[in-house]
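Colleague: Following is a predicted model, sequence given first.
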Amino acid sequence: MAKDDDGIAGSKTSLSLVTNLSVIFLVVLWLIPTVGLFVSSFRDRDAITESGWWKSPFPTQENIAVQTEGEFVETPEGWVLTGNVFGEEGSGEIVAFGGSRAEPTAFAPGETGELVRGRTLQIAETGDFTYFYPDEPSRNPTVYIAAEVPPNFSLVNYETILESAGMDVAFINTLTVTIPATIIPILIAAFAAYALAWMDFPFRGTIIAIVVGLLVVPLQLALVPMLQFHNQIGIGQSFYGIWFAHTGFGLPLAIYLLRNYMVGLPRDIIESAKVDGATDFQVFTRIVLPLSFPALASFAIFQFLWTWNDLLIAKVFLPASSDSWVMTVKIADDLLGSRGGDWGILAAAAFVSIAVPLVVFFTMQRYLVRGLLAGSVK
Amino acid sequence: MNKLLTGTAIAVLTANMAGAEAHLTFMPGEGEFTWDSFQEFAGSTDLSGQTLDITGPWTGDEKVKADIMFDYFEEATGATVNYSGSDSFEQDIVISSRAGSAPNIAVFPQPGLAADMASQGLLTPLPEGTAEWVADNYAAGQSWVDLATFEGPDGEEDLYGLFYRVDVKSFVWYSPAAFDEMGYDIPESMEELKALTDQIVEDGGTPWCIGLGSGAATGWPATDWVEDMMLRTQPPEIYDQWVNNEIPFDAPEVVNAIEEFGYFAKNDDYVNGGAQAVASTDFRDSPTGLFEIPPQCYMHRQASFIPAFFPAGSEVGVDVDFFYFPAYEERDLGNPVLGAGTLFSITDPSEAATAMIEYLKLPIAHELWMAQGGFLTAHAGVNPNVYADASLRAQGDILLEATTFRFDASDLMPGEIGAGAFWTGMVDYVTGASAEDVAERIQERWESLN
């Protein structure tokens, strides 16, 4: 930053510092859920239920029940069982131990714990234990130890998702839905927007008003009648149907957005083209379309993201069989388990399914900003 | 697979054997399954080339198990079954039937929705004679017939659904190791259960884990408690009147049952995390308290499906077990059992759909899922030895030996009550409102429906 000499810049700098800080604060605040989801996507279901994601990077102390193995040896004083709580080959370090589930951390390592009925238990830090029974034991006892458990992250959730049968089909299906469902409405809307912006015909204003009015119609209202209509014209539940549906539901916004952008293009260019003898079609393809590229791109991003993430329309307008599942349906109905309890899978699935939209967004985002601003600033 | 139309049942089956080995999970003719009925069905039904579309609420693992059961239908008839499960089945089926693209058969998770759709003419009554068959062949048969008998669009009553797969709700889950170490015995009566609850508190423990959280459906686990308490404090006739609103929701009998639930849930000493935590704990997370060391709680009352949410690697019968949620000894109401179940209904009639209903009457259709676990049936003709483990067999016995079986009341009440006011009312109750106020508000809502 350039250095200010005029003496009044101090206030400006502190103000911009406040601005920066509040921006950073807001960004962090907005990112927290995403970070949490991301961390959770590397944890398994049990770990997620047990502790919050913010605790996951730190080692935790966990109480573990160990069923002892081996046989008690009879000695003059009583019966003695020796062994290692981590098994023959395992190793670890214990922090505390106990002889009952209710008090799993009653004794420190090395101590001799006095248990019920004159039994004693001694466990060293390495896990070597000696269990003493004054009378003959009927079964092997369980011992309880507390041990430090290192943080445990794994890619299992991602593996489950990526390797599950039919995921490739679901991915292709999603592309089959989204690409035409993005391109078709743009094509139609661009023509319509040009006509509504630059061609004179009766009731033009009324039509624009109707299009704006259609923006507020909730699409849920149209699900049953639209599917009925599809059944009547014979396309039923199919990819044609879902393209049709997405096109219909996307058109009002597309026309509205593109028309507002096109109407803001300089009148002079279009009029001089017409004076030079250009037809409306030539004006549209040669002048208006190239100039409207930012608006087209920004709408394409919107429509792509919305169709990619859609679950409702896909469930209604596509057949229910698993070979026409899109990714969202596959995740919700197949991967999340019988009653939706697998949070880890849910988190990982969210990141798998946003990968493609992220690529689309970052490659086209400069158009998005321009497209959104264009028309609003004269 | 080509089938010899002229062969006898046995010949058909032998012809299929070679191919069957490749893709069938259980070999026909082997194990303790009731194969005779299957062979007879296979010999008398041929639907080659037909397809049967089925949608239902089973997804994930349950879909895999259901598909295996449907495989044998395909094997027997030559038809192709397309089963698809949906997480939002209740919404999907309404949309697709109204729009005219319904599957042949829909598997309803509760009768309330099926009754609604039957009254709108979206369901087809099951073939004649099915009602008599169910009454004769299911344990407590007539009650299953009544539960699936709805008014059609013309006001005429018919049997619209065949129950397949039952959940029993009256179970208390506990850790045998924890009970053993503390010297607790399985309570045989409600009096003993209450005494045990106090005993655990005295020993410094927390007796219960109760969680009502379930997203948009938060509160439903409490409705099961209240229903179980209703059956343990009132005769079943009163329960039926409550379900139909013949006695008001704020009748003293109902308020008393809510307070019986409150006896456990509204006592800070009795519940893990205190009474305040009951409403906010997710029902899926709440049983994990049984497995923690030291135990966060010793008992958890939940339906037979809950082992799906136990921590990975825990085994029913070893790490965790269940006992029947006992009845009051002094009241002499027998051993009531509360349950729920899924029913098959025909949404788009076809020859294959009728054959599927016939297939579901066979013991084998039930045994095929019993052997895979996570399945109980009221079909009295099945071989209980097929159950995947001893614990399921014990659950099945409780179901078959119940002196009174009643269906989950909230599933039978109108949706706005049973899947709305009742749920939210229970959340209000555990967070502070009195049982009278809550019951009164639910009753007002019910009256406003009519």
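Modeller: Thanks, I have the structure now.
Colleague: May I see the domains of the chain written out as residue ranges?
Modeller: You didn't say which chain, so I picked chain A. With domains defined by automatic domain parsing, chain A comprises A:9-40, A:60-149, A:158-373.
Colleague: You answered for a different chain; I wanted chain B.
Modeller: B:31-168+B:340-407, B:171-338+B:409-449.
Colleague: could you redo these as TSV and give each row mean pLDDT?
Modeller: Shown next, in TSV, are these (pLDDT from 0 to 100):
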stretch	mean pLDDT
domain B:31-168+B:340-407	89
domain B:171-338+B:409-449	90
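Colleague: Show me the helices in the stretch 251-400 of chain B, by range?
Modeller: B:252-265, B:275-280, B:351-361, B:363-370, B:390-401 (DSSP state H, counting those that start in this stretch).
Colleague: and the first one, which residues are buried?
Modeller: Right, the one you point to is helix B:252-265. Applying a neighbour-count criterion of 16 or more other Cβ atoms under 10 Å in any protein chain shown, one finds B:253-255, B:257-262, B:264-265 buried in helix B:252-265. The C-beta positions use only the backbone N, C-alpha and C, and glycine is treated the same way.
Colleague: Looking at the helices of the stretch 251-400 of chain B, which one is packed in the most?
Modeller: helix B:363-370 (a mean of 25; mean count of other Cβ atoms under 10 Å in any protein chain shown).
Colleague: Dump the C-alpha coordinates for it into CSV.
Modeller: Taking Å, rounded to 0.1, in the frame of the first residue of the first chain, the C-alpha atoms of helix B:363-370 are listed here in CSV:
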residue,chain,number,x,y,z
PRO,B,363,-43.8,-68.8,4.1
ILE,B,364,-40.8,-68.8,1.8
ALA,B,365,-41.2,-65.1,1.0
HIS,B,366,-40.9,-64.3,4.7
GLU,B,367,-38.2,-66.9,5.4
LEU,B,368,-35.9,-65.5,2.8
TRP,B,369,-35.7,-62.2,4.6
MET,B,370,-35.8,-63.7,8.1
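Colleague: Check which helices and strands that helix sits against.
Modeller: helix B:35-44, helix B:61-77, strand B:162-168 (3 or more Cβ pairs under 8 Å, 6 or more residues apart in numbering or on different chains; DSSP states H and E).
Colleague: still on that earlier bit, so which of the helices of the stretch 251-400 of chain B gets nearest residue A:110?
Modeller: Among these, helix B:275-280 comes nearest to residue A:110, with 37.6 Å by Cβ to Cβ.
Colleague: does chain A sit close to the closest one?
Modeller: No: judged by Cβ under 8 Å from any Cβ of the partner chain, helix B:275-280 stays clear of chain A, getting no closer than 14.2 Å.
Colleague: That helix - contacts with which helices or strands?
Modeller: Looks like helix B:275-280 contacts helix B:422-430 (3+ Cβ pairs under 8 Å, 6+ apart).
Colleague: Okay, angle between the next helix or strand after the helix it packs on and helix B:422-430 too, please.
Modeller: Downstream of helix B:422-430, the next assigned helix or strand under DSSP states H and E is helix B:435-449. On the basis of axes from the mean of the first three to the mean of the last three Cα atoms, to 10 degrees, helix B:435-449 is oriented at 160 degrees to helix B:422-430.
Colleague: got the buried residues for helix B:435-449?
Modeller: By 16+ other Cβ under 10 Å, the buried positions in helix B:435-449 come out as B:435, B:438-443, B:445-446.
Colleague: And these, which is closest to chain A?
Modeller: For the buried residues of helix B:435-449, the closest approach to chain A (Cβ to the nearest Cβ) belongs to residue B:445, at 24.5 Å.
Colleague: In this structure that closest one contacts residue B:423, no?
Modeller: No: checked against Cβ atoms under 8 Å, the pair residue B:445 and residue B:423 is beyond contact range at 11.7 Å.
Colleague: need the helices for the stretch 51-200 of chain B, in chain order.
Modeller: Counting by DSSP H, counting those that start in this stretch, the helices of the stretch 51-200 of chain B are B:61-77, B:89-99, B:111-119, B:130-137, B:141-147, B:176-182, B:190-202.
Colleague: Would you format those as JSON lines with mean neighbour count and distance to chain A included?
Modeller: Below are those laid out as JSON lines (neighbours: other Cβ atoms under 10 Å in any protein chain shown; distance: least, Cβ to the nearest Cβ, whole Å):
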{"stretch": "helix B:61-77", "mean neighbour count": "21", "distance to chain A": "5"}
{"stretch": "helix B:89-99", "mean neighbour count": "20", "distance to chain A": "3"}
{"stretch": "helix B:111-119", "mean neighbour count": "21", "distance to chain A": "14"}
{"stretch": "helix B:130-137", "mean neighbour count": "18", "distance to chain A": "26"}
{"stretch": "helix B:141-147", "mean neighbour count": "19", "distance to chain A": "23"}
{"stretch": "helix B:176-182", "mean neighbour count": "17", "distance to chain A": "5"}
{"stretch": "helix B:190-202", "mean neighbour count": "16", "distance to chain A": "10"}
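Colleague: Tabulate those (a markdown table), appending distance to residue A:291.
Modeller: A markdown table is the format used below for those (distance: least, Cβ to Cβ, whole Å):
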| stretch | distance to residue A:291 |
| --- | --- |
| helix B:61-77 | 52 |
| helix B:89-99 | 42 |
| helix B:111-119 | 54 |
| helix B:130-137 | 69 |
| helix B:141-147 | 67 |
| helix B:176-182 | 74 |
| helix B:190-202 | 76 |
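Colleague: quick one: which of those is nearest residue A:178?
Modeller: Proximity to residue A:178 (Cβ to Cβ) singles out helix B:89-99 among the helices of the stretch 51-200 of chain B, at 21.3 Å.
Colleague: Show me which residues of the stretch 301-450 of chain B are close to chain A?
Modeller: Residues of the stretch 301-450 of chain B found near chain A, taking Cβ under 8 Å from any Cβ as the criterion, are B:305, B:308-309, B:311-312.
Colleague: Select only the buried ones of those in PyMOL?
Modeller: Filtering those down to the buried ones (16+ other Cβ under 10 Å) takes a single PyMOL command:
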select buried, chain B and resi 305+309+311
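Colleague: What's opposite the residue of the stretch 1-150 of chain A found nearest chain B in the beta bridge?
Modeller: Chain B sits closest to residue A:63 of the stretch 1-150 of chain A, with a gap of 3.9 Å, by Cβ to the nearest Cβ. Beta bridges link residue A:63 to residue A:146 when assigned by DSSP bridges.
Colleague: quick one, what contacts the closest residue to residue B:373 other than its chain neighbours?
Modeller: Setting aside the residues directly before and after it, residue B:373 is nearest to residue B:388 in space (Cβ to Cβ, 6 or more residues apart in numbering or on different chains), at 3.7 Å. Listed by Cβ atoms under 8 Å, 6 or more residues apart in numbering or on different chains, the contact set of residue B:388 reads B:370-374.
Colleague: picking that back up, so which of the helices of the stretch 251-400 of chain B comes closest to residue B:324?
Modeller: Residue B:324 lies closest, by Cβ to Cβ, to one member of those: helix B:390-401, at 5.6 Å.
Colleague: so residue A:367 sits right up against residue A:293, yeah?
Modeller: Yes: in terms of Cβ under 8 Å, residue A:367 counts as a neighbour of residue A:293; the distance is 7.0 Å.
Colleague: Compare neighbour counts for these two and give me the winner.
Modeller: Higher neighbour count among residue A:367 and residue A:293: residue A:367, with 19 against 13, using other Cβ atoms under 10 Å in any protein chain shown.
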